[in-house]
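Undergrad: Sequence and computational prediction follow.
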Amino acid sequence: MKTPYYLYDIELLKKTLSFAQNSAGKYNFNIHYAIKANHNPAITKLISQQGFGVDCVSGNEISEALKVGFKAKKIVFAGAGKSDEEIKKALQQNILCLNCESIEELEIVEEIAISLNKKAQIAIRVNPDIKAHTHHYITTGTEENKFGIHTSQLKSALDFVKNSDYLKFVGLHFHIGSQITNMDTFINLCKRVNTIWKDFNISDYNPILLNMGGGLGVDYEDAKNNTIPPFDEFFSVFAEYLKVPSNISIHFELGRSLVAQCGKLITKVLYTKKGVNKTFVITDAGMTELMRPALYQARHYIENTTSSRNPQRYDIVGPVCESSDVFGKNVLLPETRRNDLIAIHSCGAYAESMMLRYNMRQKIKSYIKNITNELLLSDNYENNKNQEYSCKELKTKETML
């Protein structure tokens, strides 16, 4: 089978979704899947069939969500830079709400709603100035970030919506960042939301929902043993510390925690190269197939699945003409040679969805592994924009993992 490729474990995905649903269900919480994490149709169709809502950040994501079966009334649309065309599409599809992030955006939404003679359902995204204690590129809830309305402008935003005949206020939206593993951060968020709710008399504006965003992290270091994120602990924090009226529907936007551990990137060793003080393993996958290490200095568990030789230390790098094209430094692997197969774990989120064509590299294929370990070729979103999706069975057993 031609490498590199993405490989998804559908049974693990189902197990993860079930854990998340059961944990949220204890408190009647609602989950929207953040489709930006992975929009492979084999993944998104399954999540939609399980009854999840969806969190979108572009017009194309709304179209894709509807195509794979998500219900319009379970779609929320966020993003600091929605275009007029995207806003129009959202209103025409009668989605649950637009999460608006500035007063100017509210003005534009109102103009477009007037032109369509529709009433737009609005959740106001508030910047709570909470530090997520994660990488600064994926921190979204501090004053320095572009996301959300600052509390100094919140009263004006609330009154603007209240006084508009074409906008309907449905609630507040918060999201402070991604890959958060310290539950104290979510406790702090709850306390801040409680204060904002009280200080701004949010109940007087007749809200029906509160969207607390997502951000729950996964274990990238020990991915093989910690495949299911701590959903029980996560949701119990909000059940205990969030103090809003009982009639308010509580929503979450989970992406990474639902899909990250079900995916791997499978790549082949092209060369091993001796340096002065280190040895490089050069693979046929690169930052074009997994951007996270180059972008966030992220670390993934890396495994040589074909060697049982004595362990050595390597820098695992790709073929792209950038010095940042590095998957891992000083990684302990069995002695690695040309044509060995490398599995990079936790690639179910922000791997395929961030795939690039830099250096004019070809987009790679993705496969799903079913319960009998057969591999199925999953049709790629890019190649099937105007077609129905399907999976084509291959006469191949998974032997490399």
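TA: Right, received. Where do you want to start?
Undergrad: Below-threshold pLDDT in the stretch 101-250 of the chain: ranges please.
TA: Residues of the stretch 101-250 of the chain meeting the criterion pLDDT under 70: 131-146.
Undergrad: how about the helices in it?
TA: 103-116, 151-162, 183-199, 231-241 (DSSP state H, counting those that start in this stretch).
Undergrad: Which secondary structure elements does the third one sit against?
TA: So the one you mean is helix 183-199. strand 167-173, helix 231-241 (3 or more CB pairs under 8 Å, 6 or more residues apart in numbering; DSSP states H and E). Backbone N, C-alpha and C define where each C-beta goes, glycine included.
Undergrad: Toward the C-terminus, what is the element adjacent to the helix or strand containing residue 368?
TA: Using DSSP states H and E, residue 368 sits in strand 365-369. Downstream of strand 365-369, the next assigned helix or strand under DSSP H and E is strand 374-378.
Undergrad: tell me the angle of that next one relative to strand 365-369?
TA: 140 degrees (axes from the mean of the first three to the mean of the last three CA atoms, to 10 degrees).
Undergrad: residues of strand 374-378 that come out buried?
TA: 375, 376, 377, 378 (16 or more other CB atoms under 10 Å).
Undergrad: Give the bridge partners for the second one, please.
TA: Here residue 376 sits in beta bridges with residue 368, residue 393, as judged by DSSP bridges.
Undergrad: Can you add distance to residue 358 and mean neighbour count and give the helices of the stretch 101-250 of the chain back as TSV?
TA: Below are the helices of the stretch 101-250 of the chain laid out as TSV (distance: least, CB to CB, whole Å; neighbours: other CB atoms under 10 Å):
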stretch	distance to residue 358	mean neighbour count
helix 103-116	32	17
helix 151-162	39	16
helix 183-199	34	17
helix 231-241	35	17
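Undergrad: so which of these comes closest to residue 315?
TA: helix 183-199 (32.3 Å; CB to CB).
Undergrad: could you pull out the helices for the stretch 301-401 of the chain?
TA: Using DSSP H, counting those that start in this stretch, helices in the stretch 301-401 of the chain do not occur.
Undergrad: Can you pull out the low-pLDDT segments for it?
TA: In the stretch 301-401 of the chain (pLDDT under 70), the answer is 371-374, 379-401.
Undergrad: dump the residue contacts of residue 347.
TA: By CB atoms under 8 Å, 6 or more residues apart in numbering, the residues touching residue 347 are 6, 260, 263, 264, 265, 290, 300.
Undergrad: Look at the residue of the chain most remote from its centre and report its pLDDT.
TA: Ranked by distance from the centre of the chain (CA atoms, centre = their mean), the top residue is residue 276, with 39.4 Å. Looking at residue 276, its pLDDT is 90.
Undergrad: If we ignore the residues flanking it in sequence, what's nearest residue 267?
TA: residue 285 (3.5 Å; CB to CB, 6 or more residues apart in numbering).
Undergrad: Can you tell me, leaving aside adjacent residues, what's nearest to residue 313?
TA: residue 330 (5.3 Å).
Undergrad: got a list of what that neighbour touches?
TA: Here residue 330 is in contact with 278, 313, 314, 315 (criterion: CB under 8 Å, 6+ apart).
Undergrad: Now tabulate those in CSV and tack on neighbour count and distance to residue 175.
TA: CSV is the format used below for the contacts of residue 330 (neighbours: other CB atoms under 10 Å; distance: CB to CB, whole Å):
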residue, neighbour count, distance to residue 175
278, 12, 39
313, 11, 39
314, 24, 37
315, 17, 35
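Undergrad: tell me, how many neighbours does the closest residue to residue 260 other than its chain neighbours end up with?
TA: Nearest non-adjacent residue to residue 260, counting by CB to CB, 6+ apart: residue 349, 3.9 Å away. Residues near residue 349, counting by other CB atoms under 10 Å, number 26.
Undergrad: and the chain, what are its domains?
TA: Domain assignment for the chain, taken from automatic domain parsing, gives 78-254, 261-397.
Undergrad: Throw those domains into JSON lines and include distance to residue 61, thanks.
TA: Listed next are the domains of the chain as JSON lines, based on distance: least, CB to CB, whole Å:
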{"stretch": "domain 78-254", "distance to residue 61": "9"}
{"stretch": "domain 261-397", "distance to residue 61": "10"}
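Undergrad: Which of these sits closest to residue 48?
TA: With respect to residue 48, and counting by CB to CB, the nearest of these is domain 261-397 at 11.7 Å.
Undergrad: Could you give the separation of that closest one from the chain centroid?
TA: 19 Å (CA atoms, centre = their mean, to the nearest Å).
Undergrad: ditto for stretch 55-74
TA: 14 Å.
Undergrad: Just the CA coordinates for it, please, in PDB.
TA: Taking C-alpha atoms only, stretch 55-74 is exported to PDB below (Å, rounded to 0.1, in the frame of the first residue of the first chain):
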ATOM      1  CA  ASP A  55     -19.600  23.600  15.300                       C
ATOM      2  CA  CYS A  56     -18.600  25.300  12.000                       C
ATOM      3  CA  VAL A  57     -16.200  28.100  11.300                       C
ATOM      4  CA  SER A  58     -16.800  28.600   7.600                       C
ATOM      5  CA  GLY A  59     -19.500  28.500   5.000                       C
ATOM      6  CA  ASN A  60     -18.000  25.400   3.400                       C
ATOM      7  CA  GLU A  61     -18.100  23.600   6.800                       C
ATOM      8  CA  ILE A  62     -21.800  24.400   7.000                       C
ATOM      9  CA  SER A  63     -22.400  22.900   3.600                       C
ATOM     10  CA  GLU A  64     -20.300  19.800   4.400                       C
ATOM     11  CA  ALA A  65     -22.000  19.300   7.700                       C
ATOM     12  CA  LEU A  66     -25.400  19.400   6.000                       C
ATOM     13  CA  LYS A  67     -24.200  17.000   3.300                       C
ATOM     14  CA  VAL A  68     -23.100  14.300   5.800                       C
ATOM     15  CA  GLY A  69     -26.300  14.500   7.800                       C
ATOM     16  CA  PHE A  70     -26.000  17.000  10.600                       C
ATOM     17  CA  LYS A  71     -29.300  18.800  11.300                       C
ATOM     18  CA  ALA A  72     -29.400  22.500  10.600                       C
ATOM     19  CA  LYS A  73     -30.900  23.200  14.000                       C
ATOM     20  CA  LYS A  74     -27.800  21.600  15.600                       C
END
